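Enquirer: missing the sequence, but the structure's below:
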């Protein structure tokens, strides 16, 4: 009888292991809730006091004192007291813990102890935030959610693009109606060009005009010419295109003023001009100068025109998506002024700390640190901002170049004509002759 029971027990264990492996691979969230979370929650509760003591998170109170006659008598020193924590609360692929700080403590101490918490709890990462004074929120993620991001769903809206997945498991969406202008930074092979290709494939099927400015001779954006209403491949052409867009912007202002509205979105459909998304690849090429008078004049013109579009274009359906390998104050004060108007920020792996600081530093210093920690192996991973002012790690979905080009060609019939841009480029060709 015993051999039968042993065999039955082994069969049950084997079956549980097989089922557990299938659940882990195909339903990772279920696996986390059933097995990962209980074990990790127990680990958090059982190690908290020791971790707090070893990382200077505990506080020792002064020994009690009292007078006995004319003598001052000290009591025994009180043992170090760890801060109180809430019960670990499960999230989709992690957990959160709220810590009530001792008097005089700051969140900075907990940020320094984040790596120690990762090792003690055996999780992928621990993020430290302070939702309100006196409290610290510890957010632990069990595994890297961006290692294999799933294709999340997002509502189909005009000027909205599903870019990839957030570390929270949600959809990474660029909504130009909510955040009109974006700055994208990233070194070579960091995923910046892939993100632009993904954005074009998402916007191409929409009734939107796409305008490209690629001063590298059109090597990147030139692939999508069939879906672009205009393409500038040098700074001279960029000046002409941007000037035409500013003229078009003034015409849109006049239309809104005549109709007594404050944006094109309040105009009737028959009077509403087509929205325009301006894609600028390698912003530094517009600002760098070789020292000649003409070069300096073109750089100043580009700086002024881009700033005008960023300041006034949001309500008029003119949107900027500016990308570059390097974005720094050394390119001139115009870049800093433009950066202030670009509310959306995306920072991939960069080669210099100044670019990460320029992209994210005015919003959140912690985001700068996280962006600088992105490795060369994490292609497509970036730190992005959201419409709520927060930030998160995210990863864009890999969009092969062939697929992006095919999508642009498929929807080439939706490319609207922008007469002002056509006239500007024709005039430029005539001047060149």
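Expert: Received it, and whenever you're ready, just let me know what you need. This one's a predicted model, so the numbers in the text were calculated from it and none came from an experiment.
Enquirer: In space, not sequence, find me the middle residue of this structure.
Expert: Closest residue to the average C-alpha location of the chain: residue 384 at 1.1 Å, with C-alpha atoms, centre = their mean.
Enquirer: Please identify which helix or strand holds it.
Expert: For residue 384, the enclosing helix or strand under DSSP states H and E is strand 381-385.
Enquirer: what's in contact with that strand?
Expert: 146, 166, 172, 179, 186, 190-191, 195, 343-349, 360, 363, 367, 370-371, 374, 391-396 (C-beta atoms under 8 Å, 6 or more residues apart in numbering). In this view, the C-beta of every residue, glycine as well, is placed from N, C-alpha and C.
Enquirer: So which of those sit within strands?
Expert: 166, 172, 344-347, 391-396 (DSSP state E).
Enquirer: In a markdown table, list the residues you listed along with neighbour count.
Expert: As requested, these are exported to a markdown table (neighbours: other C-beta atoms under 10 Å):
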| residue | neighbour count |
| --- | --- |
| 166 | 20 |
| 172 | 28 |
| 344 | 22 |
| 345 | 26 |
| 346 | 26 |
| 347 | 30 |
| 391 | 20 |
| 392 | 17 |
| 393 | 25 |
| 394 | 25 |
| 395 | 25 |
| 396 | 27 |
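Enquirer: how about the residues you listed in a markdown table, adding distance to residue 270?
Expert: Formatted as a markdown table, these follow (distance: C-beta to C-beta, whole Å):
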| residue | distance to residue 270 |
| --- | --- |
| 166 | 38 |
| 172 | 35 |
| 344 | 31 |
| 345 | 36 |
| 346 | 36 |
| 347 | 41 |
| 391 | 40 |
| 392 | 40 |
| 393 | 44 |
| 394 | 38 |
| 395 | 41 |
| 396 | 37 |
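Enquirer: Out of these, flag the one nearest to residue 211.
Expert: Ranked by distance to residue 211 (C-beta to C-beta), these are led by residue 344 at 17.9 Å.
Enquirer: OK, contacts around that closest one?
Expert: Neighbours of residue 344 in contact, by C-beta under 8 Å, 6+ apart: 174, 179, 181-183, 384-385.
Enquirer: Now restrict those residues to buried residues only.
Expert: Among the contacts of residue 344, the ones that count as buried by 16 or more other C-beta atoms under 10 Å are 174, 179, 181-183, 384-385.
Enquirer: okay, the residues you listed in CSV with distance to residue 295 next?
Expert: Below are these laid out as CSV (distance: C-beta to C-beta, whole Å):
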residue, distance to residue 295
174, 33
179, 33
181, 26
182, 27
183, 24
384, 34
385, 33
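Enquirer: show me where pLDDT drops low in the stretch 251-400 of the chain?
Expert: Applying pLDDT under 70 to the stretch 251-400 of the chain flags no residue at all.
Enquirer: For residue 329, give its distance to residue 287.
Expert: 11 Å (C-beta to C-beta, to the nearest Å).
Enquirer: do residue 261 as well
Expert: From residue 261 to residue 287 the distance is 35 Å (C-beta to C-beta).
Enquirer: again with residue 389
Expert: Taking C-beta to C-beta, one finds residue 389 at 28 Å from residue 287.
Enquirer: Neighbour count: those two, which is higher?
Expert: residue 287 (22 against 9; other C-beta atoms under 10 Å).
Enquirer: my read: the more buried one touches residue 335, true?
Expert: Yes. The pair residue 287 / residue 335 is scored as a contact, 6.0 Å apart, by C-beta atoms under 8 Å.
Enquirer: Now do the shared contacts for those two.
Expert: With C-beta under 8 Å, 6+ apart as the test, residue 287 and residue 335 both reach residue 303.
Enquirer: Which pLDDT value goes with residue 172?
Expert: Looking at residue 172, its pLDDT stands at 89.
Enquirer: mind listing what's buried in stretch 167-181?
Expert: Here stretch 167-181 shows 167-176, 179-181 as buried, counting by 16+ other C-beta under 10 Å.
Enquirer: Adding distance to residue 246 as columns, could you present the residues you listed in JSON lines?
Expert: Below are the buried residues of stretch 167-181 laid out as JSON lines (distance: C-beta to C-beta, whole Å):
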{"residue": "167", "distance to residue 246": "39"}
{"residue": "168", "distance to residue 246": "39"}
{"residue": "169", "distance to residue 246": "42"}
{"residue": "170", "distance to residue 246": "37"}
{"residue": "171", "distance to residue 246": "34"}
{"residue": "172", "distance to residue 246": "31"}
{"residue": "173", "distance to residue 246": "29"}
{"residue": "174", "distance to residue 246": "24"}
{"residue": "175", "distance to residue 246": "25"}
{"residue": "176", "distance to residue 246": "19"}
{"residue": "179", "distance to residue 246": "22"}
{"residue": "180", "distance to residue 246": "16"}
{"residue": "181", "distance to residue 246": "15"}
